Every structure is written in structure tokens, then in C-alpha cells.
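A.B. asks: sequence first, then the predicted structure, then my questions.
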Amino acid sequence: MKKAILWLDDNIEPILIYIAYAAMAGLVFEQVVLRFLFKTQVAWSAGVAIYMFIWVTWLGAAYNVRKRAHLTFGEIRAQMSYGMQFVCLIIDALMWVSLAVVVIYYALDQIDLLQMNFAFVPGTSNLMQWWFYLIMPFGWGLIILRAVQNLWQDIAAFRRREPFKLNAHAMAE
């Protein structure tokens, strides 16, 4: 069970990103085929493709927090003392968590508003918009998790006086 949880922890974002990206690409491809070959279209697919892009964006943000691939001024930090690097990493984590709390708060408010108004995806009569907006608290919740995981690793490295993982290149994988 622990091995499965660790595997999921390592792979949840890439798997969900691939699924959302495949859905988005499939919907766009389907629309192109329908429009140019059959001179018709499905009214809702363009809107759903945009929502899938939003899913890819927020899941990608969480993945990049995990991999430390966001803008961190790594070259400048590498020149700092060990203690200052640690302080910057703590500030990073606090800023990610603070921003995430604000985004989640307002996202839940937006989701509640969409739910109360029975907002449907344009072109449908049964596909609720708020379902797609759930990615915002979910994605930013993952960002909190990843920021705290990174901070935990940084604290452990600081206690052992090991070098910090200052910046990873997401494209290296």
C-alpha cells in the first residue's frame, strides 16, 4: 500500500496532465474534422477544450512546484550563503502556501456562485461549469502539498548540512 501511495505521489500530476491534454487535443481534432469534412460542429466541445486547458495549466503548476521549475533566481541563490539559501526556501514555501490559500478561497466562492446559478457549459443543458472549476482548489491544494513537501526536504537537508536542491529543469526528465 505504501509503495502505491509513493508511486501516486510521484506520478499524479503527469498522469492527470496527460489525460486532460489528450481530452483537449481529441476535442479540438474532432471539431476540425467535423467542421471541415462534415460542415457541422458540436456546440460544447470548444468550451470543454478550454476547460481542459485550464486543468493542464493548474496541474502543470503543481508539478513544476514539485520539481522546483518555477522562476526562483537560482543563479543568484547559488551565490548566497547556505543560511540565506535556506531562508529563501522558507520564504518560497510561505509565499506558495499564502497565495494558494487566497486562490482556493476565491475559487470556492466562484464555484459556489456557479453552482447556485446552475451555470451550464455553453451548448449543453446538463454539463455544469462548476465541475470544471473544481480544478482550481484541487490544483492549488496540490501546490500547497508540493510546497510543504519541498520545505520538509529543505529542513531535512539543512539539518544534515547537505546542499539544497535549488532549481530543477522540468525539461530534463
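C.D. replies: Alright, I've got the coordinates.
A.B. asks: can you dump the C-alpha atoms of stretch 13-26 in CSV for me?
C.D. replies: In CSV, the C-alpha atoms belonging to stretch 13-26 read as follows (Å, rounded to 0.1, in the frame of the first residue of the first chain):
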residue,chain,number,x,y,z
GLU,A,13,0.3,15.3,-11.9
PRO,A,14,1.8,13.9,-15.1
ILE,A,15,-1.0,11.3,-15.4
LEU,A,16,-3.7,13.8,-14.9
ILE,A,17,-1.9,16.3,-17.3
TYR,A,18,-1.7,13.6,-20.0
ILE,A,19,-5.4,12.7,-19.6
ALA,A,20,-6.5,16.4,-19.7
TYR,A,21,-4.2,17.1,-22.6
ALA,A,22,-5.4,14.1,-24.6
ALA,A,23,-9.0,15.1,-24.0
MET,A,24,-8.3,18.7,-25.1
ALA,A,25,-6.4,17.6,-28.2
GLY,A,26,-9.1,15.0,-29.0
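A.B. asks: report the buried residues of that stretch.
C.D. replies: 13, 16-17, 20-21, 23-24 (16 or more other Cβ atoms under 10 Å). C-beta: built from backbone N, CA, C; applies to glycine.
A.B. asks: okay, these in a markdown table with distance to F118, secondary structure and pLDDT next?
C.D. replies: As requested, the buried residues of stretch 13-26 are arranged in a markdown table below (distance: Cβ to Cβ, whole Å; DSSP: H, G, I helix; E, B strand; the rest coil; pLDDT from 0 to 100):
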| residue | distance to F118 | secondary structure | pLDDT |
| --- | --- | --- | --- |
| E13 | 31 | helix | 91 |
| L16 | 27 | helix | 91 |
| I17 | 30 | helix | 93 |
| A20 | 25 | helix | 90 |
| Y21 | 29 | helix | 93 |
| A23 | 24 | helix | 91 |
| M24 | 25 | helix | 91 |
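A.B. asks: nearest to M116 among those residues?
C.D. replies: When those are ranked by distance to M116 (Cβ to Cβ), A20 comes first, at 26.2 Å.
A.B. asks: quick one: what helix or strand has the residue nearest to that closest one when sequence neighbours are not counted in it?
C.D. replies: Leaving aside its sequence neighbours, A20 sits nearest to W55 (Cβ to Cβ, 6 or more residues apart in numbering; 4.0 Å). In the assignment (DSSP states H and E), W55 maps to helix 45-67.
A.B. asks: check which helices and strands that helix sits against.
C.D. replies: If you count contacts as 3 or more Cβ pairs under 8 Å, 6 or more residues apart in numbering; DSSP states H and E, helix 45-67 packs onto helix 2-37, helix 129-133, helix 135-160.
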